[in-house]
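**Q** Give the three-dimensional model of this entry:
(one chain, ligands or ions: 1)
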Amino acid sequence: MAIEIEINGTLNANARYVAYAPSPSRIRLAGATTENVKVQLSSRPAQPGGGVVVFYSSRNQPSKQSLELTLPADGSWVAFEIGGKFGFPSVNDKDSLLVVNGLGNEITIPLMVRVRKNANNLTQGERDRFLEAYGQLNNAGTGIYQDFRDSHVQASDLEAHKGPQFLPWHRAFLLDLERELQIVDPSVSLPYWRFDEPAPKVFQADFIGQTRQVPEDDDGTGDLVVFNIDNPLVAWATDGVPGVLRSARFDTLTSPASGVTIPPFNFPVLTEAQTLALGDVYAEFTHKTEGIETLPHASAHVSFTGSISYVPTAAKDPLFFLLHANIDRLWALWQWFYKRINPQELESYTPEDRDGRRLADTMWPWNGVVTPPRPNFAPGGWLADSTVTSSPGKTPKVEDTIDFQGYETSTARLGYSYDNVPYEFSKRNKLKNSSK
Ligand SMILES: [Cu+2]
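**A** Residues are numbered from 1 along each chain as shown. Got it, this is the predicted structure:
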């Protein structure tokens, strides 16, 4: 007996990628029958260490390991939702199986539980696929990576930094880059550099580059980092100039990022726990001098000399996106922890009356606006599409970035998750009731 299954709202096999948030799915009988058919949905890895999915009969209910559905004889669709099982992400494309029993022989549909992971814990395959796609975006300094660099420079104080829109703007920026990576290789996610822990595997010639250590008070412009000859990043270049200038004020093989704490500077790198403790409302969490944008964000940047230590040049360094993925992860963790996902609540986002900072504002450069106060050009065009969700659209608004797991509005789901930030509807509701 034949069936059809839609995942992420489409029969297209290119859309068979799920994160931890539930993805809308449907199943139906494809051939003519005279009776309804009961089926059981379950999941198992397609190979050792592969991903596992869980099921939701409705999206505000807890997940289940399996789901029983009755498929009508007339072939009409039956809706359900699936998401990755927390702690069981994929390591390879299609290494997870959606299993359908009850139709005679077992039917399996391969898919991937695709989430952003700690760069230091990637398998060799995950690392190499990421580097291959990342290298292609820059393609010896001639790829679309140029647009990302230019956007970050020009957006600097107008939209990207020094205000409440810092987190939303960079969330859209990272998503745009990740989707470009996924156009090259759909199995790739953007990894994050967890800078409050040592990341010895990251600062190697086979990953983001061997990085020389300099004294904390060094005022040099950074040394060229070392890449292996077969590392795709060996061809990394900026405006025709090859290489990446970066030295570290800390031992990259044994220590977390140092920040700079030599007087008069006081930029320590807050730990994850300290970052969550910045405050339980957005205005505290993003406080201008003591919030996440300064500590740990600016602190992580100035843990180095070279390009990454300075906003106008930071995105020249491929480490930039891994550092910022960790900032976005810390925001995601904070949002989960305090249940700050409704954009309409001031606790979740505190707007400022300036273009690009109010909830309903579109963001430069994706909106193409080139009149003041926006810069006079807009590199890169629209935000890249995804096969798994239509959000946030080609011209994202500030408010589109807040509920990225689609808790309040399922269609707001941006299609990504972090390996250590769960999707938990029921527990989150309890958290809300008990916290105030
Ligand atoms: Cu930054």
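
**Q** In the stretch 1-150 of the chain, what residue spans correspond to strands?
**A** 3-7, 17-18, 23-29, 37-45, 53-56, 67-71, 78-84, 96-101, 107-113 (DSSP state E, counting those that start in this stretch).

**Q** Show me what counts as buried in the first one.
**A** The neighbour-count criterion (16 or more other CB atoms under 10 Å) identifies 3, 5-7 as the buried residues of strand 3-7. Yep, even glycine has a C-beta here, placed from its N, CA and C like the rest.

**Q** again, but for the fourth one
**A** Within strand 37-45, the residues that count as buried by 16+ other CB under 10 Å are 37, 39, 41-43, 45.

**Q** now, which of the residues you listed sits nearest Leu383?
**A** Nearest to Leu383, judged by CB to CB, of those is Ser43 at 31.1 Å.

**Q** mind checking the SS state of Ser299?
**A** The three-state label given to Ser299 by DSSP: H, G, I helix; E, B strand; the rest coil is helix.

**Q** I figured it was touching Ala257, is that so?
**A** Yes - Ser299 is within contact range of Ala257, at 7.2 Å (criterion: CB atoms under 8 Å).

**Q** one step back: I'd like the buried residues of strand 37-45 laid out as a markdown table, including distance to Glu408 and pLDDT.
**A** Formatted as a markdown table, the buried residues of strand 37-45 follow (distance: CB to CB, whole Å; pLDDT from 0 to 100):
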| residue | distance to Glu408 | pLDDT |
| --- | --- | --- |
| Val37 | 35 | 95 |
| Val39 | 31 | 97 |
| Leu41 | 26 | 98 |
| Ser42 | 29 | 98 |
| Ser43 | 27 | 98 |
| Pro45 | 32 | 98 |
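
**Q** Save those as TSV, and put in distance to Val269 too.
**A** Output for the buried residues of strand 37-45, formatted as TSV (distance: CB to CB, whole Å):
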residue	distance to Val269
Val37	57
Val39	51
Leu41	44
Ser42	43
Ser43	39
Pro45	36
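
**Q** In the stretch 201-350 of the chain, what residue spans correspond to helices?
**A** 272-276, 282-285, 299-301, 311-314, 319-338 (DSSP state H, counting those that start in this stretch).

**Q** so which of these gets nearest Asp239?
**A** Closest approach to Asp239 among the helices of the stretch 201-350 of the chain (CB to CB): helix 311-314, 11.0 Å.

**Q** Only C-alpha atoms, please: export that closest one in CSV.
**A** C-alpha atoms of helix 311-314 as CSV (Å, rounded to 0.1, in the frame of the first residue of the first chain):
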residue,chain,number,x,y,z
VAL,A,311,34.3,46.0,14.0
PRO,A,312,35.2,47.4,10.5
THR,A,313,37.5,44.4,9.8
ALA,A,314,36.1,41.7,12.0
